[in-house]
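# sequence below, structure please.
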Amino acid sequence: MAAWLSGEVVDNKQWCVDLFSLKIRTSSSLTFSAGQFIKVGLEVDDKLLARPYSLINTPQDSLLEIHFNRVENGLLSPRLANLSVGNNLQISERATGLLTLDEVPDIPHLWLLATGTGVGPFLSILKTSAPWQRFKKIVLGYSVKSVDNQAYMDDFTALQLQHPKQFCFVPFVTREKAPKTINTRITTSIENGELEKRVNLKIAADSSHIMLCGNSKMVSDATSLLEGRGLRRHTRREPGHIATEKYY
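The predicted model follows:
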């Protein structure tokens with residue numbers, strides 16, 4: 001049976017109409033690796049309604065943070081979006097997930113490709129010291145539909161200033177023209193080479209590990225494109241080049 005920690009909302013940030021982040025204080029500390037996810041639950045009609053959410057914060061932070069979309073007619077996300085400071089919720093006592101640096105072989109280039117709230121686990125990783133000690137280049141491709149859907153941009157700017165020679169941040173905006181962004185999907189930019197041209201770096205089996213998180217179609221399509229270039233899925237039994245996450 002799953003064990004749960006009591007949590008209290010410390011902050012509810014609304015980025016735009018349906019995009020939110022919650023900061024949560026728990027009754028006891030939670031041990032996890034950057035990039036992992038937890039389950040967040042609320043009591044609804046005397047039953048615990050829970051869903052998985054990646055953690056934005058680092059393992060050293062005192063508060064947990066999740067980033068999510070409010071889904072119209074969703075069972076849990078609208079309730080989470082309506083929470084106020086001081087409201088209570090439940091946090092799974094155990095974190096899990098494969099998008100951690102422990103899973104990444106020793107290679108020079110780390111590619112992190114995300115759509116929407118899928119950027120969460122990558123921000124958790126990038127806010128730790130580990131990736132900057134391990135990789136020569138780190139590329140983050142972050143795709144959203146419109147500029148107002150961009151979250152945590154101050155954090156990405158700060159990372160660029162801290163690691164100008166290592167960090168390549170590539171924002172994508174797919175449904176409107178925006179300066180200094182790629183105005184196509186991540187998969188299109190892989191297919192036509194625009195992403196690699198932007199960062200002056202090649203995705204190659206002998207030098208690259210790619211983590212994918214976000215929209216399931218992006219993840220599956222990007223995986224297929226990369227497999228067509230000789231890269232293979234990474235598993236614990238068979239190390240490869242492409243890591244993805246399954247929340248269920």
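
# ends of stretch 103-117, how far apart?
Taking C-alpha to C-alpha, to the nearest Å, stretch 103-117 runs 21 Å from one end to the other.

# show me what counts as buried in it.
103-104, 107, 109-117 (16 or more other C-beta atoms under 10 Å). For glycine as for every other residue, the C-beta is placed from the backbone atoms N, C-alpha and C.

# before we move on, what about stretch 85-96?
Under 16+ other C-beta under 10 Å, the buried positions of stretch 85-96 are 87, 89-92, 95.

# how far off centre is it?
Put simply, stretch 85-96 sits 19 Å off its chain's centre (C-alpha atoms, centre = their mean, to the nearest Å).

# other residues contacting it?
With contacts defined as C-beta atoms under 8 Å, 6 or more residues apart in numbering, stretch 85-96 is touched by 2-12, 24, 26, 30-33, 36-43, 48, 50, 55, 64, 80, 83.

# name the single longest helix found in this structure.
helix 216-227 (DSSP state H).

# list just the nearest of the buried residues of stretch 85-96 to Phe68.
Comparing the buried residues of stretch 85-96 against Phe68 with C-beta to C-beta picks out Leu89 as the nearest, at 12.5 Å.

# next SSE after the stretch of helix or strand the closest one belongs to?
Element membership for Leu89, per DSSP states H and E: strand 88-92. For strand 88-92, the following helix or strand on the C-terminal side (DSSP H and E) is strand 109-115.

# what's that following strand packed up against?
helix 120-126, strand 137-144, strand 208-213, helix 216-227 (3 or more C-beta pairs under 8 Å, 6 or more residues apart in numbering; DSSP states H and E).

# out of these, nearest to Pro59?
Using C-beta to C-beta, these put helix 120-126 closest to Pro59, at 8.4 Å.

# counting by contacts, list what that closest one packs against.
Using 3+ C-beta pairs under 8 Å, 6+ apart as the test, helix 120-126 ends up in contact with strand 47-54, strand 109-115, strand 137-144, strand 208-213.

# give me the sheet partners of the strand holding Leu89 and which way each runs.
Partners of strand 88-92 in the sheet, by DSSP bridges, are strand 4-16 (antiparallel), strand 37-44 (antiparallel).

# could I get those as JSON lines with mean pLDDT?
Conversion of the strands paired with strand 88-92 to JSON lines gives the following (pLDDT from 0 to 100):
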{"stretch": "strand 4-16", "mean pLDDT": "97"}
{"stretch": "strand 37-44", "mean pLDDT": "96"}
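
# of these, flag the one that's most buried.
strand 37-44 (a mean of 19; mean count of other C-beta atoms under 10 Å).

# starting at the chain centroid, how far to that one?
18 Å.

# what of stretch 216-226?
Worked out by C-alpha atoms, centre = their mean, stretch 216-226 lies 16 Å from the chain centre.
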